[in-house]
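>>> Sequence and predicted model, in that order:
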Amino acid sequence: MTRNIQPTVTRSSRTRGVSRADYDRRSVQQRLFTCAIEANVPVYLTGKPGIGKTEFISAFARRNGYEAILLSAPHLEPGDITGLPVESPSTDGKFRTTFAMMEWIDILNNAPKAILFIDELPLASDDTRKTLLSLIQGHTAGIHKLGDHVRIVAAGNPMSWSMESVPLSEAMRTRLLHISWKSDRAEWLEHHLTKYVHWTAPALPTDGDVMGEDACHQLDGILYDSPSLIDCDDITNLDPESPFNVNRSWDNVFDIIRVIPSNDFEVLHHAMTGLVGEEPAAKVSAAMRYRLPVREVIKDPYVFDWNGEPGDRVYALLAAVVDHAVDSTSKLATPDDASYVLGVAAKSRADIAYAHLSRMLSWLPDYELDTETAKIFADFIS
């Protein structure tokens, strides 16, 4: 029921990344897949049969030095994941039932880098899918644990292409980054005769910055301003093959944003589309494209046109500043830095600035404003 789809390979320079130019020339689906693997966000590739989904994953694993194991979902039973029950004696002489670890778990855990590939996910039985939920989300297979170095990728054909396919459950859909896979004809024509021997796998660039924590704080400000984006009251009316915008989905968005190369807003948009759905992704992408000068404003708040900029941009910028100030892992801003920025902003947008001051003080109840800032907000505080 399991088999290796690639042997262990010798590590090469390809595992160390590429130039930004080499990264940019890849298709958006390949760049998105690469970012998801780096961020350890589970991926679900869906596309027509025979277009190279398995071949791509196999070649990606081989060229980037991953040990890869394939599980064929239609042939799996729950015991193939959790392990089969066996009796064994304990130190007190009594026999107890435990679950033996499946060989594929041992292989993946002992590899330096590994990919678990679950093929034909929509054809898995209902009981098997329920078992796969904890494997995909929490890297647990019954009592056994997959290492955090193991990446999880699933694939399947659209329901329109398979009469036997069953829609994924809502719980499963929120665990996965959905990527609609398209055939890359030019790449296939170049490499199929040599079985992709000379193909170079996509990798993240070693030069340049990533969107990182600044983008996470910006997104946090957007979501704080529009909490309805983290809500899906009527999931039964959604496309049964689409993701939707619940908390778990947004958690994966934050994880992948941390590794997306700076200014690759195309990948950011497709990542959000595949994790939270098209409508929320469109709203957030529009806001995220306008880079917030968080670092510049913390250094000098007068570089920003507080009066002339749109309110939602002011809101998101101040949210990012405050988030840095209350984040103990961030070295960019202290509460005093944020207090000063808020005081400057309040001269033009007092209502927005006070909303964020209140938020900061709720997280830092022992923090005392300096006299000048307290005067600026006196009317609100009283």
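Thanks, I have the structure now. Numbers count the residues shown, from 1 in each chain.
>>> Please count neighbours and contacts with C-alpha atoms only from this point.
OK.
>>> what stretches of the chain score poorly on pLDDT?
1-16, 232-238, 290, 381-382 (pLDDT under 70).
>>> How is it divided into domains?
2-206, 292-381 (automatic domain parsing).
>>> So which residues of the protein form strands?
2-6, 43-46, 67-72, 85-89, 95-99, 114-119, 140-141, 144-145, 150-156, 177-180 (DSSP state E).
>>> counting contacts, what elements does the longest one pack onto?
Using 3 or more C-alpha pairs under 8 Å, 6 or more residues apart in numbering; DSSP states H and E as the contact criterion, the neighbours of strand 150-156 among helices and strands are strand 43-46, strand 114-119.
>>> So in that sheet, which strands flank it, and in what orientation?
strand 43-46 (parallel), strand 114-119 (parallel) (DSSP bridges).
>>> what distance separates it from the centre of its chain?
For strand 150-156, the gap between its own C-alpha mean and the chain's C-alpha mean amounts to 13 Å (C-alpha atoms, centre = their mean, to the nearest Å).
>>> thinking again about what came up before, I'd like the strands of the chain laid out as TSV, including mean neighbour count and distance to D305.
Below are the strands of the chain laid out as TSV (neighbours: other C-alpha atoms under 10 Å; distance: least, C-alpha to C-alpha, whole Å):
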stretch	mean neighbour count	distance to D305
strand 2-6	17	55
strand 43-46	24	41
strand 67-72	23	52
strand 85-89	11	66
strand 95-99	12	63
strand 114-119	23	48
strand 140-141	20	50
strand 144-145	17	51
strand 150-156	24	44
strand 177-180	23	37
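>>> Could you check the domains of the chain and tell me which one is nearest I256?
domain 2-206 (5.2 Å; C-alpha to C-alpha).
>>> Kindly state which of the helices and strands packed on strand 150-156 is positioned closest to Q30.
strand 43-46 (11.1 Å).
>>> looking at the strands of the chain, which is closest to S348?
strand 177-180 (41.0 Å).
>>> which strands and helices sit next to the closest one?
helix 28-39, strand 43-46, helix 265-276.
>>> List of residues touching that strand?
With contact meaning C-alpha atoms under 8 Å, 6 or more residues apart in numbering, strand 177-180 is reached by 29, 33, 36, 41-47, 242-243, 271, 274-275.
>>> These: which two are farthest apart?
Pairwise across the contacts of strand 177-180, and taking C-alpha to C-alpha, the largest span is found between V41 and G47, at 19.2 Å.
>>> got the buried residues for the lengthiest helix in the chain?
As assigned by DSSP state H, the longest helix anywhere in the chain is helix 335-363. By neighbour count on 16 or more other C-alpha atoms under 10 Å, the buried set for helix 335-363 is 335, 337-346, 349-350, 352-354, 356-357, 360-361.
>>> what do you get for stretch 151-170?
Quick answer for stretch 151-170 (16+ other C-alpha under 10 Å): 151-159, 165-168, 170.
>>> now for it, what's the gap between its first and last residues?
Distance across stretch 151-170, first residue to last, is 21 Å (C-alpha to C-alpha, to the nearest Å).
>>> same question, stretch 103-117
Using C-alpha to C-alpha, first and last residues of stretch 103-117 are 15 Å apart.
>>> hmm, who's touching it?
2, 61, 65-71, 146-147, 149-155.
>>> what about 6 Å?
Y66, E67, A68, I69, L70, G147, H149, V150, R151, I152, V153, A154 (C-alpha atoms under 6 Å, 6 or more residues apart in numbering).
>>> and if you look at stretch 28-42?
R151, I152, V153, L176, D255, I256, V267.
>>> ok, so of the residues you listed, who is nearest L135?
So of those, ranked by how close each gets to L135 (C-alpha to C-alpha), first place is I152, at 8.8 Å.
>>> picking that back up, state the pair within the buried residues of stretch 151-170 that is farthest apart.
Checking the buried residues of stretch 151-170 with C-alpha to C-alpha, the most distant pair is R151 and M159, at 25.1 Å.
>>> rewinding a little: so which of the domains of the chain is nearest D214?
With respect to D214, and counting by C-alpha to C-alpha, the nearest of the domains of the chain is domain 292-381 at 7.2 Å.
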